[in-house]
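Visitor: Predicted model follows, preceded by the sequence.
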Amino acid sequence: MKAPADCQTMQELRIQIDLLDAEIVAKLAARAGYIDRAAVLKQTEMLPARINDRVEQVVDRVRAGAEAEGLDPSLAEDLWRRIIEWSIAREEQVLGPDSP
């Protein structure tokens, strides 16, 4: 990957963005695999899909990481809350919406 400042044309810049987007998609797919495993483990441990304390831990960690990287923490939080809600819905497919 080139640094943004090393891109001399829009074509070069777009190629780098496309590469980065592919990496982000791959990371999200990997995260989904962990979510699927969490659903199995939660089922055996009698845990619900939504654990509010954990949700807030994740959001706090993401906000802090975003701030450290110079990314708007509110943007990061909005994105992660959407990812978290998608993850909970995915777990509920295994656990059911009324899980313990």
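Guide: Done, it's in.
Visitor: who does the strand or helix carrying Glu67 touch, helix- and strand-wise?
Guide: For Glu67, the host element (DSSP states H and E) is helix 52-69. Counting contacts by 3 or more C-beta pairs under 8 Å, 6 or more residues apart in numbering; DSSP states H and E, helix 52-69 is packed against helix 73-95. (Each C-beta comes from the backbone N, C-alpha and C, glycine too.)
Visitor: List the buried residues for the helix or strand encompassing Lys27?
Guide: Using DSSP H and E, Lys27 sits within helix 10-44. Residues of helix 10-44 classed as buried: Gln16, Ile35, Ala38, Ala39, Lys42, Gln43 (neighbour count, 16 or more other C-beta atoms under 10 Å).
Visitor: got it, and stretch 49-61?
Guide: Neighbour-count burial for stretch 49-61 [16+ other C-beta under 10 Å]: Ala49, Arg50, Val55, Val58, Val59.
Visitor: again, but for stretch 75-86
Guide: Ala76, Glu77, Trp80, Ile83, Ile84.
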